[in-house]
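> Pasted the sequence and its predicted model underneath.
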Amino acid sequence: MRAPLLSALLLLAVACGEDPFRELEEDASDCPEAPAMRLGAAPSAAVVLNAYYLQESAARDLRRGRTESPAVEETLAKVAALGAHAVRTNGHNEAVDKRGDSAIQVDPLQYDEVSLRGLDLVLTRAAAHGVKLVLTLGNYWDAYGGARQYVAWAGLPSPVQGDARFFTERAVIEHYKAHIARLLSRVNTFDGLRYGEHPAVLAWELLNEPRGKGLDPEGAAMRAWVDEVAAVVKQYAPGHLVGTGEEGFDTSFAGYDERFWRESGTSSSFERGGSSFRRNTASPFIDFGSVHFYPEVYGVRSDFTARAGAHWFSEHAALARDLGKPLFIGEFALRNREGFTLDERRAMYRGWFRCAWRTGAGASGPWMFANDARPDEWDDFTFYYRDGTVPADPRNRYADLVVEAAALSGGR
């Protein structure tokens, strides 16, 4: 349910003949202008769409005897048609329940060739469509295996989701590094190109949304893990960008607007400890800062949401710029079925895209772009570019905003 204060403000704006959605858009785009910082050869403020399911879809289709994957083809074609520069998707799959289906690593350093060929196909077809890829090498969460699976494989007792031992236990770290070395050394069976040299890859991310729960308050252990693992990626993929994949949490308010974040109800994002955006981004093996933004998940008060996105983007972009690095807003989203209306969400998305452009971010990526066959209820944040529609069709939610943001991209 929307906060009463926000509802009252919207009703007052309507009574006064103003456009309340324009006000939300302006709040969301209220970012200081700064020089553009690019992700490698990508245009400034590039648009990157999230479609995590591509390897899984490709592997299933190959296992059925198909020579291509309709879901992969549809998704990549629509990404290109909307003008987005890249897709962020899974470069990993260790899920026990997907063995014989799409799991890539089925036991420690034991691989399913068909599932790997699924990832081969994603790389090859992305290149054919002129779309770059940001590939995650693993997951903090249980989905697709996650940190828990690596801890379980090490034989450690009582593994849990986001297990802190993933970042500290030597056996787990060595396993993860060995897996990365093998993956990046793989030669694609469709095009003969080694993963670590594949031209379709824009960047590799060390992990999807690593958090520091259970680690030291200053973030030293996480930074040591970032340095060690990122060095392996750099060794095997020297021409590719490397990011942490983190959400942007920090260990203090230094460099952030403390008063704003305390008033917004989100101070825990800077007081939870264990991982520091500033410290991780400063790693000599990391090429760009990484943040995600889910205000409803992070506890942002609804009447602060638009401005919170502007603060989150611009403050992290400034910290990354001080380190000489661009910012990648890897994910941002508002829930479809509760809280804000579609018009309100659209206003904020449009503003946040513009904020990313104004503040010089390297790229931004709304979550989650789906092919037509994926049911809407599978994800709280889904949007589409449905067959037979124009991007502005309301059933697509945000496709036209992607087109607008892509048109801005590279314009500075």
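In hand now; what should we look at?
> Count the neighbours of residue 64 for me.
Neighbour count of residue 64, defined by other CB atoms under 10 Å: 8. Heads up, the C-betas are built off the backbone N, CA and C, glycines and all.
> How much space separates it from residue 404?
38 Å (CB to CB, to the nearest Å).
> repeat for residue 282
For residue 282 relative to residue 404 (CB to CB), the value is 34 Å.
> same thing with residue 360?
Residue 360 sits 18 Å away from residue 404, going by CB to CB.
> Show me which of these two is the more surrounded one.
Legend: neighbour count by other CB under 10 Å for residue 360 and residue 404, higher for residue 360 (24 against 18).
> Tell me the secondary structure at that one.
With DSSP: H, G, I helix; E, B strand; the rest coil as the basis, residue 360 sits in coil.
> Hmm, it is touching residue 38, no?
No - using CB atoms under 8 Å, residue 360 makes no contact with residue 38, being 9.1 Å away.
> shared neighbours, these two?
44, 326 (CB atoms under 8 Å, 6 or more residues apart in numbering).
> which residues in the chain form strands?
46-50, 86-90, 105-107, 110-111, 132-136, 201-205, 241-243, 289-293, 327-332, 363-366 (DSSP state E).
> okay if I get the ones you listed as JSON lines plus mean neighbour count?
Supplementary listing: the strands of the chain in JSON lines, determined by neighbours: other CB atoms under 10 Å:
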{"stretch": "strand 46-50", "mean neighbour count": "27"}
{"stretch": "strand 86-90", "mean neighbour count": "25"}
{"stretch": "strand 105-107", "mean neighbour count": "18"}
{"stretch": "strand 110-111", "mean neighbour count": "12"}
{"stretch": "strand 132-136", "mean neighbour count": "25"}
{"stretch": "strand 201-205", "mean neighbour count": "26"}
{"stretch": "strand 241-243", "mean neighbour count": "25"}
{"stretch": "strand 289-293", "mean neighbour count": "26"}
{"stretch": "strand 327-332", "mean neighbour count": "29"}
{"stretch": "strand 363-366", "mean neighbour count": "26"}
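> okay if I get those as CSV plus distance to residue 217?
Output for these, formatted as CSV (distance: least, CB to CB, whole Å):
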stretch, distance to residue 217
strand 46-50, 31
strand 86-90, 30
strand 105-107, 32
strand 110-111, 37
strand 132-136, 26
strand 201-205, 24
strand 241-243, 24
strand 289-293, 20
strand 327-332, 25
strand 363-366, 30
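> Throw those strands into TSV and include mean pLDDT and distance to residue 354, thanks.
Listed next are the strands of the chain as TSV, based on pLDDT from 0 to 100; distance: least, CB to CB, whole Å:
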stretch	mean pLDDT	distance to residue 354
strand 46-50	98	12
strand 86-90	98	20
strand 105-107	98	40
strand 110-111	98	43
strand 132-136	98	22
strand 201-205	98	22
strand 241-243	98	23
strand 289-293	98	15
strand 327-332	98	13
strand 363-366	98	10
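> Out of these, the one nearest residue 270 is which?
strand 289-293 (12.8 Å; CB to CB).
> Mind listing the strands the closest one pairs with, and their directions?
Counting by DSSP bridges, the strands paired with strand 289-293 are strand 327-332 (parallel).
> Kindly export the strand it pairs with (C-alpha atoms) in PDB.
What follows is strand 327-332, C-alpha atoms only, in PDB (Å, rounded to 0.1, in the frame of the first residue of the first chain):
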ATOM      1  CA  LEU A 327      29.700   3.300 -12.500                       C
ATOM      2  CA  PHE A 328      27.500   0.400 -13.700                       C
ATOM      3  CA  ILE A 329      24.000   0.400 -12.300                       C
ATOM      4  CA  GLY A 330      23.600  -3.300 -12.900                       C
ATOM      5  CA  GLU A 331      19.900  -3.600 -11.700                       C
ATOM      6  CA  PHE A 332      17.100  -1.300 -10.700                       C
END
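> give me the number of residues near residue 294?
Residue 294 has 18 nearby residues by other CB under 10 Å.
> Pull the contacting residues for it.
331, 332, 333.
> Could you check the pLDDT of it?
pLDDT recorded at residue 294 is 98.
> so who does the closest residue to residue 343 other than its chain neighbours touch?
The shortest distance from residue 343 to any non-neighbouring residue, by CB to CB, 6 or more residues apart in numbering, is to residue 21 (5.3 Å). By CB under 8 Å, 6+ apart, residue 21 lies in contact with 343, 344, 346, 347.
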